[in-house]
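Participant: Got a predicted model here, sequence first, then my questions.
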Amino acid sequence: MTQRHWPIGVLIVLAFAVLGCGLAPDKPITSPHAVVVVKPQEGGGVSYLFAANKYLGKVYRVNLDTLAIDEITVGRKPENIAASPDGYLVAVANNADKSITVIRAATLAKKTVVTGRRPSDIGFSPDGNWLGVANSENETVSLIDAHSGKLWNNIWVGGGPAALAFDPTSRFMAVACYDEDAVKIVSVQEKKVVTAWSNSQVINRPQAVIFSNGAIRGETLLFVGCHEDPYVENGGSYAESIAVLHLSPTWADDPEEYTPQMQIIRAGPNPRGFLWNHAGDKLLAINHVFEDWDSNYNVDTLSLIDVSGAIAEEQRFVTGHNPVAAALAPEEDVVAVANKGGASITIVDLTDNSSFDVSTIARPFAVAFTPSGHKVIVVHDSALMPLSVVDLASGSSRVVYDSLSMNDWIE
């Protein structure tokens, strides 16, 4: 790789994935948190990767220094994972069990919390005090005290909640309501929906949401990934896929009366998840194109969006078939993309915009880097062979864990 230029951040590498690729195009496909990497203070400086095996109802904890693996049994069909900002807690949504499991990262002590039906997207508030869960089947979001595990309320939001995100102050939660072409704003203090922002010309089938931290531009931005992009008749292509809601520093004082300025970013179509760099001035969006869409977009892509100036797509990278996850290396010069449909990962060098593919042993649905940035842990959509590791220097891939024999394959 070439000389690294992006800033060095703290070692909390987030990966996002989008599961359920067999669904029809009229359904949201979004899962922002499939894998997390944490470095809990009580863990003695060890960095851990947490990933779920939805087939066996287990969560794997991988020591990223030694690649030693522990497993913990959770609920049925665990798919989406989130970590508290301090790395102390990891939460997993048990999609078939109407519950989440909250795990202490260092000790693997766990607690189960009942939620609404089919918990899908899950996330911690920036202050670490709250857990939000989008329950896709009964149109609610659960608000949970992250420390005690107390469920405060299942809040009705309507409209097919597909994704959620807390604002930088932890006072509000944005929920993408796919069936209503709207973003609902939930007050954490009042535990209810206080306003809805909609504009069908801009927010069209929202399926992914993420806030900026507000430090770069002096305003908070809410990015909304739209499944059905406005079709540009003159250009003949799906082109404008990300809605950006500009929120002034005082928007949270009276959200019920506030109307944000909205714009659309011309980027890769059908963004299904977002990922920030640590500085908060670059946003990655992973884009999956359905086969029946316009032939101008017959490849899957990764968009790099610049937020520091005029908000726009800076670069678009071609990935393998059906990209479902992405992760940044610790020094943020390299991106790994999991291509579930192509049984490969794409490695993108952000310093020179080059890329190459590495074949994997099974279909990958999540990725994360080791602390050195020289290897990528790949989580496969497989019951019996969930984990492998890719060495970036050689491009080789090998199994590190086999669920059938419970053997550790580390050399």
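Facilitator: Nice, I can see it.

Participant: from here on, contacts and neighbour counts on C-alpha atoms
Facilitator: Fine.

Participant: if you average pLDDT over the one helix or strand Ala368 maps to, what comes out?
Facilitator: In the assignment (DSSP states H and E), Ala368 maps to strand 364-369. Predicted confidence along strand 364-369 averages 89 (mean pLDDT).

Participant: Equivalent analysis for stretch 177-186, please.
Facilitator: 93.

Participant: end to end, how far does it reach?
Facilitator: One end of stretch 177-186 to the other measures 12 Å (C-alpha to C-alpha, to the nearest Å).

Participant: quick one: low-confidence parts of the stretch 251-400 of the chain?
Facilitator: 290-298 (pLDDT under 70).

Participant: hmm, 90 instead?
Facilitator: Within the stretch 251-400 of the chain, the segments meeting pLDDT under 90 span 264-272, 278, 287-300, 309-310, 320-325, 340-343, 359-366, 370-372, 379-389, 391-400.

Participant: And the next helix or strand past the strand holding Ala368?
Facilitator: Where DSSP H and E defines the elements, the next helix or strand beyond strand 364-369 is strand 375-380.

Participant: Just the buried positions in the helix or strand following that following strand, please.
Facilitator: Later in the chain than strand 375-380, the nearest helix or strand by DSSP H and E is strand 387-391. By neighbour count with 16 or more other C-alpha atoms under 10 Å, strand 387-391 contains the buried residues Leu387, Ser388, Val389, Val390.

Participant: Paired strands for strand 387-391, with orientation please.
Facilitator: Strand 387-391 pairs in its sheet with strand 375-380 (antiparallel), strand 396-402 (antiparallel), by DSSP bridges.

Participant: I'd like these as TSV, with mean neighbour count and distance to His147 appended.
Facilitator: Formatted as TSV, the strands paired with strand 387-391 follow (neighbours: other C-alpha atoms under 10 Å; distance: least, C-alpha to C-alpha, whole Å):
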stretch	mean neighbour count	distance to His147
strand 375-380	25	29
strand 396-402	18	32
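
Participant: and the angle for the strand holding Ala368 with strand 387-391?
Facilitator: For strand 364-369 against strand 387-391, the angle by axes from the mean of the first three to the mean of the last three C-alpha atoms, to 10 degrees is 50 degrees.

Participant: any idea how far strand 364-369 is from the chain center?
Facilitator: Chain-centre distance of strand 364-369: 11 Å, with C-alpha atoms, centre = their mean, to the nearest Å.

Participant: What strands flank it, and is each parallel or antiparallel?
Facilitator: strand 375-380 (antiparallel).

Participant: Do I have it right that Lys282 meets Asp306?
Facilitator: Yes - applying C-alpha atoms under 8 Å, one finds Lys282 in contact with Asp306, separated by 5.0 Å.

Participant: Show residues contacting stretch 69-76.
Facilitator: 54-63, 94-97, 99-101, 108, 401 (C-alpha atoms under 8 Å, 6 or more residues apart in numbering).

Participant: which parts of that stretch are buried?
Facilitator: Ile69, Val74, Gly75, Arg76.

Participant: Give me the secondary structure label for Gln189.
Facilitator: Recorded secondary structure, Gln189: coil (DSSP: H, G, I helix; E, B strand; the rest coil).

Participant: how much space between it and Ala362?
Facilitator: Counting by C-alpha to C-alpha, the gap from Gln189 to Ala362 is 45 Å.

Participant: out of these two, which sits in the more crowded spot?
Facilitator: Ala362 (21 against 9; other C-alpha atoms under 10 Å).

Participant: so that one makes contact with Asp381?
Facilitator: Yes - assessed by C-alpha under 8 Å, Ala362 is found in contact with Asp381 at 7.2 Å.

Participant: confidence score at the nearest residue to Pro40 once chain neighbours are set aside?
Facilitator: Once flanking residues are discounted, Pro40 sits nearest to Gly87: 4.6 Å by C-alpha to C-alpha, 6 or more residues apart in numbering. Gly87 carries a pLDDT value of 92.

Participant: Over to the one 5 residues further on?
Facilitator: Val92 carries a pLDDT score of 96 in this model.

Participant: heads up, I number from 432, so please use that
Facilitator: OK, 432 is where the count begins now, so the last one is Val523.

Participant: distance between the strand or helix carrying it and the chain's centre?
Facilitator: According to DSSP H and E, Val523 maps onto strand 520-525. Its chain's C-alpha centre and that of strand 520-525 lie 14 Å apart, by C-alpha atoms, centre = their mean.

Participant: Need phi/psi at Thr546.
Facilitator: With angles defined as degrees, to the nearest 10, Thr546 sits at phi -130, psi -160.

Participant: Chain neighbours aside, what residue packs nearest to it?
Facilitator: Ser530 is the one closest to Thr546 (C-alpha to C-alpha, 6+ apart), at 4.9 Å.

Participant: which ones are touching the one you found?
Facilitator: Taking C-alpha under 8 Å, 6+ apart, we find Ser530 in contact with Gly506, Ala524, Thr543, Val544, Val545, Thr546, Gly547, Pro550.

Participant: neighbours around the third one, how many?
Facilitator: This means Thr543. By the measure other C-alpha under 10 Å, the count of residues near Thr543 is 17.

Participant: Could you list the buried residues of the strand holding Val523?
Facilitator: Along strand 520-525, these residues count as buried under the neighbour rule (16+ other C-alpha under 10 Å): Leu520, Val521, Ala522, Val523, Ala524, Asn525.

Participant: any idea which of the residues you listed is the one closest to Gly559?
Facilitator: Nearest to Gly559 out of the buried residues of strand 520-525 is Leu520 (C-alpha to C-alpha; 9.1 Å).

Participant: Excluding chain neighbours, what is closest to the closest one?
Facilitator: Nearest to Leu520 is Arg535, by C-alpha to C-alpha, 6+ apart, at 4.8 Å.

Participant: so how far is Ser601 from the one you found?
Facilitator: From Arg535 to Ser601 the distance is 22 Å (C-alpha to C-alpha).

Participant: Can you show me the strands along the stretch 682-831 of the chain?
Facilitator: Secondary structure of the stretch 682-831 of the chain (DSSP state E, counting those that start in this stretch): strands at 692-697, 702-707, 713-718, 732-737, 743-749, 754-759, 765-770, 775-780, 785-790, 795-800, 806-811, 818-822, 827-833.

Participant: Gly559 is nearest to which of the ones you listed?
Facilitator: Of all those, the one in closest proximity to Gly559, counting by C-alpha to C-alpha, is strand 702-707 (18.2 Å).
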